[in-house]
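Q: coordinates only, sequence not included:
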């Protein structure tokens, strides 16, 4: 075991990334470079050269500037961002990249053509406890607990056509209107890459509880299997349900992203969902998304998102989908907007006509018995 | 049916996926709209284990129109008692003066809208609306007692929780201050007959004496009924009871230390249970009788 004592570092000068915010850092007594990194392991690294990310989001949300030679604590994880980086957990403690400002260290696989090279990191090792065991964000996850209430709060799910479709803005709008209606609102983000931006947005909008997959023990959710994803959803929902009247949930990326696809086809997850809103950047995307959701057995109550910035696009989307297109002004002024949003996503007493999908991408075939995916 | 078949559906064909019977969802809040001309929005919560032949309780919100908060706060009681809760949503846009039971512009009158809702619910097989039981909080209490004057045979049991002011049984004052003729009454008539039939309980916190923006501070009301919710409840109950036979007296209960606020009173302070116990009193056998 190649255990190096933490005392050699000026620990107070180390910048801790957002995804490590639940970690009890005093547990760290040293680091090891002989371990194989696992998803969520805490990595102490030096900044070698600045690239795309010049700042790191800290545990309190402040985005601190980085300089070459700085020491940072991040988490190893995978990364999937169509407009930024694709990365995977490195095979060993070796030079790697900062692929998300929230603090994800990964081996770079690909990047968007307009994105600069990532900031380069030189890891010292994986943070360890006194006994030499690796510290992982999962060790500091919320406990999975059953809901201790006779009733379950309504869960409105916001999904979208892709990144920047307006999902978080839609969640924020629902949070505000629900808060105005005198409700205690929970906002949860089930999948994505650890970063505070969305959580701060939820909090600023008035949500009483704001938690995400990092609170369930994952720095990022790309590459997780369905069981892990369902556990995240269960954990976050149960935590928010302890004190909230209504829970607004967001799933990152578009419906065709692997983990989103898995969750949306999961009967267990579908059973948690009371209503669905679809956010899209354009009317064509809205129609495709609404049809896809219907084919999965979920009826969205409305469409929203970036497309509603244009009244014309909103009208197109509404005409195409047959659903209301909720603009931000509609959220503010329409007294019935919550009843509209809460329209049930599934017919009562009807079994979901889908099974569990196992592959990537688009669903190919769907029947009562089986659901297969294009791989 | 394949996924591709679903994708190939035209929009009008996919409508079968829509919630045709949202009222059949149990254990979850559902929102719906009446099919009739009023198009009244409402929330409904049906318990997972119904009792009392699945009695329905109507809850009428106050002037903040917090219908969703009503259904959320009351759903645990719905489960405990095994009853269904229905909360109509009288929006400001469509039912501006619902507390005074008259239509806004060319829109539907709130009483007609409520009756339309009840008629639609009566068509649902396993809901029991053979007796109409309702609670009205604040402005909802105003609505209910006036509804009982306009439609004396509609409501059987009601709890008026902290209404801001009342229609007094006095024909010298025009409606809604009294029973006298007024423009907003149009050709509708008023009577106290409903109070000879219905069981009526008035609840108000003995500390609900604040004269803030939620209380109508009209000079005429202050003079005729008093300056606080407590004084107005006492005056109204006393005057009404003077016009009612002994066996149909309206009961008034002052709740110690209680101020105004739906959620605080129904949930935090737990008086929602008192309301439900009263509304269901004739259905619940005393425990000693059950044991014998």
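A: Now that the structure is in, tell me what you want to look at. These numbers were taken from a predicted model, which means no experiment stands behind them.

Q: what about the chain, any weak spots by pLDDT?
A: Looking at chain A here, since you left the chain open. Low-confidence segments of chain A (pLDDT under 70): A:1, A:7-10, A:347-375.

Q: the chain in question should be chain B.
A: Applying pLDDT under 70 to chain B flags residues B:1-24, B:285-292.

Q: which residues of it fall in helices?
A: Per DSSP state H, chain B carries helices over the ranges B:3-8, B:67-81, B:110-122, B:139-150, B:193-197, B:219-225, B:229-242, B:262-263, B:271-279, B:287-291.

Q: can I get these in TSV with distance to residue B:97?
A: C-betas here are computed from N, CA, C, even on glycine. TSV is the format used below for those (distance: least, C-beta to C-beta, whole Å):
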stretch	distance to residue B:97
helix B:3-8	46
helix B:67-81	17
helix B:110-122	8
helix B:139-150	10
helix B:193-197	21
helix B:219-225	15
helix B:229-242	19
helix B:262-263	20
helix B:271-279	25
helix B:287-291	44
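
Q: okay, how far is it across stretch B:167-180, tip to tip?
A: By C-alpha to C-alpha, to the nearest Å, the extent of stretch B:167-180 from end to end equals 10 Å.

Q: just to revisit the earlier point, out of the helices of chain B, flag the one nearest chain A.
A: Of all these, helix B:3-8 sits nearest to chain A, with 3.5 Å by C-beta to the nearest C-beta.

Q: if we can go back for a sec, mind putting the helices of chain B into TSV with distance to chain A and mean neighbour count?
A: Formatted as TSV, those follow (distance: least, C-beta to the nearest C-beta, whole Å; neighbours: other C-beta atoms under 10 Å in any protein chain shown):
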stretch	distance to chain A	mean neighbour count
helix B:3-8	3	16
helix B:67-81	4	23
helix B:110-122	14	20
helix B:139-150	14	25
helix B:193-197	30	17
helix B:219-225	26	15
helix B:229-242	20	19
helix B:262-263	7	20
helix B:271-279	13	19
helix B:287-291	21	7
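
Q: for residue A:342, find the nearest of the ones you listed.
A: helix B:67-81 (7.9 Å; C-beta to C-beta).

Q: that closest one packs against which elements?
A: When contacts are defined as 3 or more C-beta pairs under 8 Å, 6 or more residues apart in numbering or on different chains; DSSP states H and E, helix B:67-81 packs onto strand B:29-33, strand B:41-45, strand B:55-60, strand B:84-89, helix B:262-263, helix B:271-279.

Q: possible to save these as TSV with distance to residue A:60?
A: What follows is those, written out as TSV (distance: least, C-beta to C-beta, whole Å):
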stretch	distance to residue A:60
strand B:29-33	36
strand B:41-45	39
strand B:55-60	43
strand B:84-89	41
helix B:262-263	32
helix B:271-279	40
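
Q: quick one, which of the ones you listed is nearest to residue A:159?
A: Evaluated over these, closeness to residue A:159 peaks at strand B:29-33, with 20.0 Å, by C-beta to C-beta.

Q: and the helices and strands packed on helix B:67-81: which comes nearest residue B:178?
A: Nearest to residue B:178 among these is strand B:55-60 (21.9 Å), distances taken as C-beta to C-beta.

Q: out of the helices of chain B, nearest to residue B:48?
A: Per C-beta to C-beta, nearest to residue B:48 of the helices of chain B: helix B:67-81, 6.7 Å.

Q: what about the closest one, distance to the chain center?
A: 13 Å (C-alpha atoms, centre = their mean, to the nearest Å).

Q: one more: stretch B:196-214?
A: Once both centres are worked out by C-alpha atoms, centre = their mean, stretch B:196-214 turns out to sit 14 Å from its chain's centre.

Q: tell me which residues in it are buried?
A: By neighbour count with 16 or more other C-beta atoms under 10 Å in any protein chain shown, stretch B:196-214 contains the buried residues B:198-205, B:207-208, B:214.

Q: distance to chain A for those - can I get that in JSON lines?
A: Listed next are those as JSON lines, based on distance: C-beta to the nearest C-beta, whole Å:
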{"residue": "B:198", "distance to chain A": "29"}
{"residue": "B:199", "distance to chain A": "28"}
{"residue": "B:200", "distance to chain A": "27"}
{"residue": "B:201", "distance to chain A": "25"}
{"residue": "B:202", "distance to chain A": "24"}
{"residue": "B:203", "distance to chain A": "20"}
{"residue": "B:204", "distance to chain A": "21"}
{"residue": "B:205", "distance to chain A": "18"}
{"residue": "B:207", "distance to chain A": "21"}
{"residue": "B:208", "distance to chain A": "18"}
{"residue": "B:214", "distance to chain A": "13"}
